[in-house]
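my questions are about this predicted structure, shown below with the sequence.
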Amino acid sequence: MEKTEYRAVIKFFVLEGLSATEIHTKMVKVLKESAPSFPTVHRWVLDFKRGRTSVEDEPRSGRPKSATTPEIIEQVYDIVCKDPSLTKREIADTIGISDERVLHILHEELHMKKLLGKLVPHSLTIQQKLNRKQISHRNLERFKQNKTDFVRRFITMDETWIYHHDPKLKQERLQWIEAGSSAPKQVKSERSAKKVMASVFWDAKGVLLIDYLEKGKTINSEYYCNLLDQLDKKIGEKRPGLQKKTIIFHQDNARVHTSFLTMVKLNELKYELLEHPPYSPDLAPSDYYLFRNLKQFLRGKRFSSNEEAIAAVEQYFAELPENHYRDGIKLLEDHWNKCVQVEGDYIE
């Protein structure tokens with residue numbers, strides 16, 4: 001479909017009174033991967049509501065890269081979709097624009113904020129809230145069928161960045177001092193550019209598999225399917241009692257997690273895929289529990305290489321008691337309950 005054609009479709013739906021989210025959902029349903037991205041739909045909805053009538057491109061006047069162009073908004077959106085845990089500086093460095101411009105695009109154009117270290121919409125739409133509520137309710141019903149069996153068969157995963165240095169938060173740097181004494185001066189510290197991506201698969205007994213992405217490589221569908229094969233072998237080695245059980249597998253909605261190849265692989269492994277609503281780190285044990293505690297442990301430490309950082313992560317997980325992992329999984333029931341109670345809104 002040509003650009004002018006999909007713009008005409010957007011214009012028609014705007015006249016029908018549909019929101020940008022509703023229009024984008026309809027277009028994705030019909031056009032699949034050929035559908036325009038949400039930022040594009042959102043921008044044209046705003047233009048038509050402001051009185052624009054033409055669907056043709058307007059003449060351009062060589063704007064500088066610091067301007068908020070549709071192309072740059074698209075770039076930011078694509079980067080965030082691939083890795084919602086990136087900082088504004090990392091996004092800015094990738095595209096070649098200022099931190100301030102990235103913040104403007106995230107907040108004013110894409111209406112996003114940080115929740116549990118991941119970029120999510122500032123405010124959820126009615127449909128997104130309803131989706132979160134319904135999925136939480138269904139997962140609760142699934143959990144209540146046999147809580148013990150559910151926890152035993154449940155495996156979850158997510159990715160996180162491990163930095164060579166991640167400074168302590170302001171509140172973590174506070175110190176007790178005597179009344180009348182001056183607070184000690186603290187050197188300003190910034191997060192290091194050097195980092196390694198860790199994909200962590202874990203259950204109520206501990207970590208089953210951690211993959212550290214080699215420099216220069218990216219996680220695509222083929223790479224992720226290979227990780228799932230490795231996970232299945234680890235289950236046989238570390239949880240032999242689960243070999244004849246159906247694994248209840250949980251992951252977020254990152255593109256590689258929901259691709260056709262990944263769905264085929266999960267079906268081949270005979271895993272039961274538990275539903276997870278988009279933009280919901282507050283319903284993901286890795287985000288609200290495992291990684292939150294890991295990052296607290298790592299903050300303030302400095303590593304001279306990926307090997308040092310990896311060794312620290314491995315030691316941290318190895319020394320955690322089994323009940324630490326079990327408690328994180330069991331918290332899901334509470335999070336699902338709260339999500340239902342607040343009608344699908346964020347619970348943290």
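Arrived safely, thanks for sending.

C-alpha from now on. contacts and neighbour counts both.
Noted.

who touches stretch 31-41?
With CA atoms under 8 Å, 6 or more residues apart in numbering as the test, stretch 31-41 has contacts from 1, 6, 10, 20-21, 23-24, 27-28, 70, 73-74, 77, 109-110.

can you do 10 Å?
Stretch 31-41 is contacted from outside by 1, 3, 6-7, 10-11, 19-21, 23-29, 44-45, 47, 70-71, 73-78, 109-110, using CA atoms under 10 Å, 6 or more residues apart in numbering.

can you tell me which of these are buried?
6-7, 10-11, 19-21, 23-24, 27, 44-45, 73-77, 109-110 (16 or more other CA atoms under 10 Å).

what's the following helix or strand after the worst-scoring helix or strand of the chain on mean pLDDT?
One helix or strand of the chain scores below all others by mean pLDDT, DSSP states H and E: strand 118-121, with a mean of 66. Downstream of strand 118-121, the first helix or strand assigned by DSSP states H and E is helix 126-145.

which other helices and strands does that next one contact?
Counting contacts by 3 or more CA pairs under 10 Å, 6 or more residues apart in numbering; DSSP states H and E, helix 126-145 packs against helix 20-31, helix 147-153, helix 322-341.

out of those, which one sits most buried?
Ranked by mean neighbour count, these are led by helix 322-341 with a mean of 18 (mean count of other CA atoms under 10 Å).

just the C-alpha atoms of it, please, in CSV.
Taking Å, rounded to 0.1, in the frame of the first residue of the first chain, the C-alpha atoms of helix 322-341 are listed here in CSV:
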residue,chain,number,x,y,z
GLU,A,322,16.1,-21.3,46.7
ASN,A,323,13.3,-19.5,48.5
HIS,A,324,14.4,-16.2,46.9
TYR,A,325,13.4,-17.5,43.5
ARG,A,326,10.2,-19.2,44.7
ASP,A,327,9.0,-16.0,46.5
GLY,A,328,9.4,-14.0,43.2
ILE,A,329,7.3,-16.4,41.3
LYS,A,330,4.6,-16.6,44.0
LEU,A,331,4.3,-12.8,43.9
LEU,A,332,2.7,-13.1,40.5
GLU,A,333,-0.6,-14.0,42.2
ASP,A,334,-0.5,-10.8,44.1
HIS,A,335,0.4,-8.7,41.1
TRP,A,336,-2.4,-10.3,38.9
ASN,A,337,-4.9,-9.7,41.7
LYS,A,338,-3.9,-6.0,42.1
CYS,A,339,-4.1,-5.5,38.3
VAL,A,340,-7.6,-6.8,38.3
GLN,A,341,-8.5,-4.7,41.3
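
tell me the angle of it relative to helix 126-145?
Using axes from the mean of the first three to the mean of the last three CA atoms, to 10 degrees, the direction of helix 322-341 lies 130 degrees away from that of helix 126-145.

quick check, residue 201 in a helix?
No - using DSSP: H, G, I helix; E, B strand; the rest coil, the assignment for residue 201 is strand, not a helix.

settle this for me: it is touching residue 212, isn't it.
No - using CA atoms under 10 Å, residue 201 makes no contact with residue 212, being 11.8 Å away.

give me the common contacts of those two.
Contacts common to residue 201 and residue 212, judged by CA under 10 Å, 6+ apart, are residue 159.

neighbour count for those two, which is higher?
Taking other CA atoms under 10 Å, residue 201 and residue 212 do not tie; residue 201 has more neighbours (23 against 16).

now that one: closest residue in space that isn't a chain neighbour?
residue 157 (4.3 Å; CA to CA, 6 or more residues apart in numbering).

how does this protein divide up, domain by domain?
Domains of the chain are assigned by automatic domain parsing as 3-59+67-121, 126-173+189-341.

redo these as CSV? Include distance to residue 347.
Listed next are these as CSV, based on distance: least, CA to CA, whole Å:
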stretch, distance to residue 347
domain 3-59+67-121, 10
domain 126-173+189-341, 6
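
least reliable of these going by mean pLDDT?
Among those, domain 3-59+67-121 carries the lowest mean pLDDT, a mean of 80.

relative to the whole chain's centre, how far out is that domain?
Mean-position distance between domain 3-59+67-121 and its chain equals 18 Å (CA atoms, centre = their mean, to the nearest Å).

now do stretch 250-260
10 Å.

quick check: buried residues in it?
Across stretch 250-260, burial judged by 16+ other CA under 10 Å covers 250, 251, 252, 253, 254, 256, 257.

among the residues you listed, which lie within strands?
Members of the buried residues of stretch 250-260 lying in strands (criterion: DSSP state E): residue 250.

got TSV for the buried residues of stretch 250-260, with distance to residue 341 too?
TSV is the format used below for those (distance: CA to CA, whole Å):
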residue	distance to residue 341
250	22
251	23
252	22
253	23
254	26
256	31
257	28
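
what about residue 45, is that helix, strand or coil?
Note that with three-state DSSP, the state of residue 45 is helix.
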